[in-house]
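1. Got a sequence here, can you build the structure:
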Amino acid sequence: MTENPIRVLVADDHAMVREGIRSVLEREGFLVVGEATNGTEVLPLAESQQPDVAVLDISMPVETGLQAAVRLRHALPHIRVLILSMYDNTEYVLESVRAGAHGYLLKDGAAQELATAIRTVLGGEAYFSPAVAARLSEAVRGDIAREQRNTDLDLLTGREREVLAGIARGLTNKEIASELGISHRTVETHRESLMKKLGIRTVAGLTKFALETGLVEG
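-> Model prediction:
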């Protein structure tokens, strides 16, 4: 008994792109049940044709692919959504996920990845082009690193933060002591303490830390 083909709706404002996507999908055994030229056409088509997956260009006239994804999420949440884009910008990817997309493909690799992406999202998983996945991984690692730096900042006392800010501003121990109204030796003690807590032994490293945590402005 033959399985029913996977039903796909395609939305892109360029006819040649839609034709190319249709060709790729039909070659893989998918059934293209509708084509939209802008975001506003997506929901009515989806309601009438009931696709399994909607492949949406991120940038279309009248209404974008992201706006269409939001409307699909609310009206027809069972439809899986793949966003097509020329850009591997991390913020675009995050906006797509927030809009309800289940995957994000770069157009330059869509011909090779589209069939796999559709089957992956239909299987309940997310799919991102390799370059996009790498960007997301970098962003996550950056967020974790920032959280760790902010946690490390919490280890410092108020006076240690003041001394650190002075170091980051390029002040000498004597100048910091004068500014804070404490002795030169006390500044040295706080400096040694904060270096030990942070595991940073250079002025350049301390300055970088102070900038990254927002303790001082660049």
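2. In three-state terms, how would residue 55 be classified?
-> Here residue 55 is recorded as strand under DSSP: H, G, I helix; E, B strand; the rest coil.
3. From what I see, it and residue 10 are in contact.
-> Yes: judged on Cβ atoms under 8 Å, residue 55 makes contact with residue 10 at a distance of 5.1 Å. C-beta coordinates here come from the backbone N, C-alpha and C atoms, glycine included.
4. intersection of neighbour lists for the two?
-> Residues within reach of residue 55 and of residue 10 at once, by Cβ atoms under 8 Å, 6 or more residues apart in numbering, are residue 21.
5. Domain-wise, how is this structure divided?
-> Using automatic domain parsing, the domain ranges for the chain come out as 7-132, 155-212.
6. Residue 126 and residue 102, how far apart?
-> Distance of residue 126 to residue 102, computed by Cβ to Cβ, to the nearest Å: 6 Å.
7. Under the pLDDT cut-off, which ranges of the protein? List them.
-> Low-confidence segments of the chain (pLDDT under 70): 1-2, 136-150, 218.
8. quick one, strands of it?
-> 7-11, 31-36, 53-57, 80-85, 103-106, 127-128 (DSSP state E).
9. Output those strands in TSV; the columns should cover mean neighbour count and distance to residue 204.
-> Formatted as TSV, the strands of the chain follow (neighbours: other Cβ atoms under 10 Å; distance: least, Cβ to Cβ, whole Å):
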stretch	mean neighbour count	distance to residue 204
strand 7-11	24	51
strand 31-36	19	54
strand 53-57	27	46
strand 80-85	26	38
strand 103-106	24	37
strand 127-128	24	36
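10. mind putting these in a markdown table, distance to residue 112 included?
-> As requested, the strands of the chain are exported to a markdown table (distance: least, Cβ to Cβ, whole Å):
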| stretch | distance to residue 112 |
| --- | --- |
| strand 7-11 | 17 |
| strand 31-36 | 18 |
| strand 53-57 | 15 |
| strand 80-85 | 13 |
| strand 103-106 | 10 |
| strand 127-128 | 13 |
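11. just to revisit the earlier point, need the winner for burial among the domains of the chain.
-> With neighbours taken as mean count of other Cβ atoms under 10 Å, these reach their highest mean count in domain 7-132, at a mean of 18.
12. Quick one: distance of it to the chain centre.
-> Put simply, domain 7-132 sits 18 Å off its chain's centre (Cα atoms, centre = their mean, to the nearest Å).
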